[in-house]
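Enquirer: Predicted coordinates and the sequence they were generated for:
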Amino acid sequence: MRVVWKLLKWSIAAVLLLVVLLLSPVAYVETFCHGESRQDPYTPLIKDAAFQRREANTFLTYPEWHIVYAYDGLAETLKTGDEYAFDYVSSIRGFWTSACALTTVADAHGGADLATRMTIHTIGVSFTLEMALKAAYEETIGRLTATLRGEKKTPQDQVAAGMAVEYAAFLRQTPGTCTPSPIRCKN
C-alpha cells in the first residue's frame, strides 16, 4: 500500500509540475506583455455590431497563423529529412514571442477582449504540449530508429510526410476553399 501511495504522490506531483510548466507562458504574457491601453480610435466600416470585430482582437490572429506556419515548416522538413530535424522548441518559442508582442500592440488599440486572449492561450498551451511531446519522442526514440533505419525512408515515413503536407494544407484553408486528396471540404 505504501508503494501505491508513493507512486500516486509522485504522479500527482508530476502532473502539477506539467500544468505549471504549460501555464507559465500564459502567466508571462498576461503579466509582462501589456502596453499602454488606449481607446481605439478606429471607426469600423461595418456598422452592424453582430458582424464587427474589435481591431485589437485582429492582432492576436497572428499567433494562430504561427501554428499553421509551424506545420508548414514540419512538412518541409519531412520532404527531405526526418522529424527530429524539425526545431520544435523554436516553434513553441515563436508562438509565445508573437503572442507577447502582439498583446502589447493590441493594447495600443483598445486591448484584446478576454475571450480572444483565452482562445490564444488555450491553443498556445495545446500547441506547446503537442510540440514538446513530439520533440521528446523524436529527439530520442525517433532519432534512434531513424539512425537504425538508415538513409532510405520507410513506407511509413513516406506516409507521415504526406500526411504532414496534407495537414498543413488543411490548416491553411479559408472558408470556401478545399485541398486535394483525402482531406475534403464542401463549398
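Expert: Nice, thanks for sending it over.

Enquirer: buried stuff in stretch 94-103?
Expert: Buried positions in stretch 94-103, judged by neighbour count with 16 or more other C-beta atoms under 10 Å: Gly94, Phe95, Trp96, Thr97, Ser98, Ala99, Cys100, Ala101, Leu102, Thr103. (Glycine included, C-beta is placed from N, CA and C.)

Enquirer: out of those residues, who's nearest Gly111?
Expert: Within the buried residues of stretch 94-103, the smallest distance to Gly111 is 8.7 Å, found for Thr103 (C-beta to C-beta).

Enquirer: element containing the closest one, please.
Expert: The secondary structure element spanning Thr103 is helix 88-107 (assigned by DSSP states H and E).

Enquirer: Name the residues of the helix or strand following that helix that are buried.
Expert: The first helix or strand that comes after helix 88-107 along the chain, using DSSP H and E, is helix 114-137. Judged by neighbour count using 16+ other C-beta under 10 Å, the buried positions of helix 114-137 are 116-117, 119-121, 123-125, 127-128, 131-132, 134-135.

Enquirer: Redo the residues you listed as CSV? Include distance to Leu171 and pLDDT.
Expert: Formatted as CSV, the entries for those read as follows, by distance: C-beta to C-beta, whole Å; pLDDT from 0 to 100:
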residue, distance to Leu171, pLDDT
Thr116, 19, 95
Arg117, 21, 96
Thr119, 16, 96
Ile120, 16, 96
His121, 19, 97
Ile123, 12, 97
Gly124, 15, 97
Val125, 18, 98
Phe127, 11, 97
Thr128, 17, 98
Met131, 14, 97
Ala132, 19, 97
Lys134, 16, 96
Ala135, 19, 97
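
Enquirer: Helices of the chain, start to end?
Expert: For the chain, the helices defined by DSSP state H cover 2-32, 55-59, 62-80, 88-107, 114-137, 143-149, 155-171.

Enquirer: and the ones you listed, which one is worst for confidence?
Expert: The stretch with the lowest average pLDDT out of the helices of the chain is helix 55-59, scoring a mean of 87.

Enquirer: what comes into contact with it?
Expert: Contacting residues not belonging to helix 55-59 are listed as 40, 42, 44, 102, 105-107, 109-113, 116 [C-beta atoms under 8 Å, 6 or more residues apart in numbering].

Enquirer: Show me which of the residues you listed are buried.
Expert: Judged by neighbour count, with 16+ other C-beta under 10 Å as the criterion, the buried members of these are Leu102, Ala106, Asp107, His109, Gly110, Gly111, Ala112, Thr116.

Enquirer: Wait, the fifth one touches Arg54, no?
Expert: Okay, so that is Gly110. Yes: here Gly110 reaches Arg54: they are 6.4 Å apart, a contact under C-beta atoms under 8 Å.

Enquirer: Can you tell me how far Leu45 is from Ala85?
Expert: From Leu45 across to Ala85, the span is 45 Å (C-beta to C-beta, to the nearest Å).

Enquirer: The two: which has the busier surroundings?
Expert: Higher neighbour count among Leu45 and Ala85: Ala85, with 13 against 6, using other C-beta atoms under 10 Å.
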